[in-house]
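Participant: Turn this into a structure:
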Amino acid sequence: MERELGGLDGLITAEQDERRRVALFLHDGPLQQLSGIALMLDGALHALAHGHAGDAQRIITTALDRQRTTIRELRALSFALEPVVLRDRGFDAGLRALGDQLGAAHHVVVDVETDGVDRLGETAQIALYTIIRELAELAARRSPSTLELSVHVLAEGDVIAVVRDDADPERRRRSLEAIEARVHQLHGTVETLPGAVRITLPAHAAGR
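Facilitator: All right, here's what the predicted structure looks like:
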């Protein structure tokens, strides 16, 4: 009973951390940028009202650049929260899209390898994708030159997922604890290896 309560507490903590991360991202990123864009547009209107069309054009050009950046950031957040490609094209395509996104955002070479993932259940796909994304983002923030994401569904149905990188091996323990809570809800295990984290899920959880 205590173990079940501990796992529930860990899951609640993980969900709170995720909501906090999204809230901080929105506050410090897109919301601040949108506020700045609004001020810039006010400045452009003021410039036009006083006959300074050239100044207004320069301000609007800068505002458009910032708006496009904000759109890209919000699109990336939307993908992280509800990866449409995962739902529409499957786990392999979703994981490869994640690799492309991480590679572009962090200037890292990302290698993705999957085998047998079409046998993953819908719930397992979403849960495993979320876990791998969190591990990969933790790794990418440590500025590795290479990042490997691999998921293999074995013949008996068990799943082995590995996130490997060549950066400094130091990891935030609390972040791993939050991920462990998610994995334990799927009756899986987490192993910290030299330069990698390995997730193992049993067949009965992977097929859901």
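
Participant: When you work out contacts or count neighbours from here on, use the C-alpha atoms and nothing else.
Facilitator: OK.

Participant: check contacts around the residue lying closest to residue 113 once chain neighbours are set aside.
Facilitator: Taking Cα to Cα, 6 or more residues apart in numbering, and ignoring the residues beside it in sequence, residue 113 has residue 150 as its nearest neighbour in space, at 4.6 Å. Residue 150 sits next to 112-114, 161-163 when contact means Cα atoms under 8 Å, 6 or more residues apart in numbering.

Participant: After the host helix or strand of residue 150, heading C-terminal, what element do we hit next?
Facilitator: Taking DSSP states H and E as the criterion, residue 150 maps to strand 146-153. Using DSSP H and E, the helix or strand that follows strand 146-153 towards the C-terminus is strand 159-165.

Participant: what does that next one rub up against?
Facilitator: With Cα under 8 Å, 6+ apart as the contact definition, strand 159-165 has outside contacts at 132, 135-136, 139, 144-154, 195-203, 206.

Participant: Let me see the ranges of the strands in the protein.
Facilitator: With DSSP state E as the criterion, the chain has strands at 109-115, 146-153, 159-165, 189-193, 196-201.

Participant: Packed most tightly, which of those would that be?
Facilitator: Per-residue neighbour counts averaged over each of the strands of the chain give the maximum for strand 159-165, namely a mean of 22 (mean count of other Cα atoms under 10 Å).

Participant: Adjacent strands (with direction) for that one?
Facilitator: According to DSSP bridges, the neighbouring strands of strand 159-165, each with its direction, are strand 146-153 (antiparallel), strand 196-201 (antiparallel).

Participant: which residue packs closest to residue 191, ignoring adjacent ones?
Facilitator: Taking Cα to Cα, 6+ apart as the measure, residue 191 lies nearest to residue 198, with 5.1 Å between them; neighbours along the chain are not counted.

Participant: so who does that neighbour touch?
Facilitator: Taking Cα under 8 Å, 6+ apart as the criterion, residue 198 is in contact with 160-163, 190-192.

Participant: Quick check: residue 125 vs residue 59, distance?
Facilitator: Distance of residue 125 to residue 59, computed by Cα to Cα, to the nearest Å: 45 Å.

Participant: From residue 204, how far out is the most centrally placed residue in the chain?
Facilitator: A centroid search over the chain (Cα atoms, centre = their mean) returns residue 133, at 4.4 Å, as the residue closest to the centre. To residue 204, residue 133 is 22 Å away according to Cα to Cα.

Participant: Check whether residue 102 really touches residue 140, as I assumed.
Facilitator: Yes. Between residue 102 and residue 140 there is a contact under Cα atoms under 8 Å: 7.3 Å.

Participant: what residues do those two have in common as contacts?
Facilitator: Contact criterion Cα under 8 Å, 6+ apart; residues shared by residue 102 and residue 140: residue 108.

Participant: the domain parsing of this structure - what is it?
Facilitator: 2-79, 90-206 (automatic domain parsing).

Participant: Make TSV out of the ones you listed and add mean pLDDT.
Facilitator: Written out in TSV, the entries for the domains of the chain read as follows (pLDDT from 0 to 100):
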stretch	mean pLDDT
domain 2-79	79
domain 90-206	86
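
Participant: Excluding chain neighbours, give the residue nearest to residue 53 in space.
Facilitator: Taking Cα to Cα, 6+ apart, and ignoring the residues beside it in sequence, residue 53 has residue 47 as its nearest neighbour in space, at 6.6 Å.

Participant: Sweet, I'm off.
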